[in-house]
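K.L.:
Any chance you can model this:
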Amino acid sequence: MSNIKALPLPAAETAKSVVPCCPPLTEHPLTAEEAERTAAMFKALGDPVRLRLFSLVASHEGGEACVCDISDVGVSQPTVSHHLKKLKAAGLLTSERRGTWVYYKVEPSVVAAMRQMLGSPG
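P.N.:
You can find the predicted model right below:
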C-alpha cells in the first residue's frame, strides 16, 4: 500500500486562478475579470519571500522541490508554510505529501499564462 497522498486544492479559488488569464497586454485592454485573475497571480508573487520560494521550486532539479530543500529563505518555517499556502491558493503551486515531507511543483499552465499575457514567445 502506498503512502503517497495528493493534497486537495481549494476548488473554487484555485481552479479560477489556474485558468490562463488573458491575451497579451499588447493585444487589447484587459476586461475587469481578466484583470482580477491576473492581479491575483501577480499579487501572490509580489512578496519577495514568495517570489524566492516560487523561483526555488521552479528552478529545482526535476521541477519539484521538497519543503525541506526550499525552507532557507531567511524566515521561520511557519512563515515559509504561510507563503507556500498563499502561492497554492493563487494556483501557482501544487503539492503532494510523500511520507512526512511535502513536495511542491509550479503549475505549468500558470507559467504559460503569464508568458502569454506578457507577450513573451514560449
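
K.L.:
With Gly99 as the reference, measure out to the most centrally placed residue in the chain.
P.N.:
Geometric centre of the chain, nearest residue: Leu92, 1.7 Å, by C-alpha atoms, centre = their mean. From Leu92 over to Gly99 the distance is 24 Å, taken as C-beta to C-beta, to the nearest Å. Yep, even glycine has a C-beta here, placed from its N, CA and C like the rest.

K.L.:
Show me what stretch 64-76 is in contact with.
P.N.:
49, 52-53, 56-57, 60, 77, 80-81, 83-84, 101-105 (C-beta atoms under 8 Å, 6 or more residues apart in numbering).

K.L.:
Would you mark the buried spots in stretch 50-69?
P.N.:
Buried residues in stretch 50-69, counted by 16 or more other C-beta atoms under 10 Å: Arg50, Arg52, Leu53, Phe54, Leu56, Val57, Ala58, His60, Glu64, Ala65, Val67.
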